[in-house]
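Asker: I need the structure of the sequence given here:
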Amino acid sequence: RQRYIELLQQNKYDRYMQSLVTTEVIESFQCKYYDYEEFNQLAMKGNYSFSCFHMNLQSSFDNFAWLKGHLDGLNFSFDTIAISETGKKNLNICADIFDNYDFYHIEPESYKGGIGIYVRTEYDVIIRDDLSFSLPRVENICLEIIKGTQHFIVFGIYRHPDYNTDDFKNVLNISIEKVL
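Answerer: Here you go, the predicted model:
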């Protein structure tokens with residue numbers, strides 16, 4: 001088990017992401033992998049004002065079932081669940097997979113792609129088209145989620161692998177600056 005966790009935490013992607021940011025940012029940000037028991041213990045101790053979960057489902061129905069099974073195994077309900085690469089053929093499945101969540105979705109232009117965000121039904125939601133952006137081969141949605149007196153901005157974005165990353169980063173930065 002420990003070796004598996006070490007492989008997840010010390011991989012090529014992790015090293016690449018660390019090369020993009022300063023040491024101060026790395027030291028202030030913690031990302032760890034947990035099994036069910038560890039996660040449930042952590043969730044019971046925590047006082048979280050807002051919780052998000054994200055997964056790329058690679059347009060596969062089997063991955064929806066896998067995700068549902070794993071999240072059902074947790075003693076915790078995320079405020080939002082973001083799904084990238086929902087796929088065109090899975091739209092009817094997406095809407096009803098999680099009880100007590102409303103589903104907001106941007107349909108992909110092609111067979112692959114798409115982005116969706118589940119938000120717990122007790123929250124008010126404003127779709128923020130003013131923060132979304134239009135690029136070819138990029139699907140995105142921006143929501144303002146109102147939880148009590150707090151407002152949270154949540155982006156869901158899927159960039160197809162063949163789209164120019166520099167153009168994407170430039171437009172994304174403009175959207176983020178509007179929020180700040």
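Asker: drop to CA atoms for contacts and neighbour counts, all remaining ones
Answerer: OK.
Asker: So in terms of bridging, what pairs with residue 119?
Answerer: residue 80, residue 102 (DSSP bridges).
Asker: so what's it up against?
Answerer: Neighbouring residues of residue 119 by Cα atoms under 8 Å, 6 or more residues apart in numbering: 79, 80, 81, 101, 102, 103, 104.
Asker: Now do residue 106 against residue 71, distance only.
Answerer: Residue 106 is 23 Å from residue 71, where distance means Cα to Cα, to the nearest Å.
Asker: picking up where we left off before, as CSV, the contacts of residue 119 with distance to residue 111 and pLDDT would be great.
Answerer: Listed next are the contacts of residue 119 as CSV, based on distance: Cα to Cα, whole Å; pLDDT from 0 to 100:
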residue, distance to residue 111, pLDDT
79, 28, 95
80, 25, 96
81, 22, 94
101, 25, 94
102, 23, 94
103, 20, 92
104, 19, 93
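Asker: and the residue nearest to residue 85 when sequence neighbours are not counted, backbone torsions?
Answerer: In space, and not counting its chain neighbours, residue 85 is closest to residue 113: 4.0 Å by Cα to Cα, 6 or more residues apart in numbering. Backbone geometry at residue 113, expressed as degrees, to the nearest 10, gives phi 100, psi -160.
Asker: For the protein, which residues score under the pLDDT cut-off?
Answerer: Across the chain, the ranges flagged by pLDDT under 70 are 1-18, 20-31, 59-61, 90.
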